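[1] model this:
(one chain, ligands or ions: 1)
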Amino acid sequence: MAAKKVALACSVCGSRNYMVTKKPNRLERLEVMKFCKFCGQHTMHRETM
Ligand SMILES: [Zn+2]
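    Purely as a prediction, here's the structure:
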């Protein structure tokens, strides 16, 4: 059971700003408020492929 690495992309500009390790039993799509250096503010970041 390998943990899956996913990128978190800014929902405003689409930049992939963060890499996170996702537990295999977490099936829901990750959505986190994180700071985007391109937008200069905290935005919603979503899991990508
Ligand atoms: Zn952004």
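[2] In space, what's closest to residue 4 - neighbours in sequence excluded?
    With sequence-adjacent residues excluded and distances taken as CB to CB, 6 or more residues apart in numbering, residue 4 is closest to residue 22, at 4.8 Å. (C-beta placed from N, C-alpha, C; glycine too.)
[3] who in this structure is up against the ion?
    Counting by CB under 5 Å from the ion, the chain comes close to the ion at 10, 12-13, 36, 38-39.
[4] What subset of those is buried?
    Buried residues within these, counting neighbours by 16 or more other CB atoms under 10 Å: 10, 36.
[5] Could you dump the residues of the chain next to the ion into CSV with pLDDT added?
    Shown next, in CSV, are those (pLDDT from 0 to 100):
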residue, pLDDT
10, 97
12, 98
13, 98
36, 98
38, 97
39, 98
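[6] Okay, and which of the residues of the chain next to the ion map to strands?
    10, 36 (DSSP state E).
[7] could you redo the residues of the chain next to the ion as TSV and give each row distance to residue 28?
    Below are these laid out as TSV (distance: CB to CB, whole Å):
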residue	distance to residue 28
10	19
12	21
13	24
36	22
38	26
39	24
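[8] Identify the farthest-apart pair in the residues of the chain next to the ion.
    Longest distance between any two of the residues of the chain next to the ion is 8.4 Å, between 12 and 38; criterion CB to CB.
[9] picking up where we left off before, which of the residues of the chain next to the ion lies closest to residue 29?
    residue 10 (15.0 Å).
[10] Quick check: chain neighbours aside, which residue is closest to the closest one?
    Distances taken as CB to CB, 6+ apart put residue 36 closest to residue 10, at 4.3 Å, once the chain neighbours are dropped.
[11] and what of residue 7?
    In space, residue 7 comes closest to residue 16 once its chain neighbours are excluded; the distance is 4.2 Å by CB to CB, 6+ apart.
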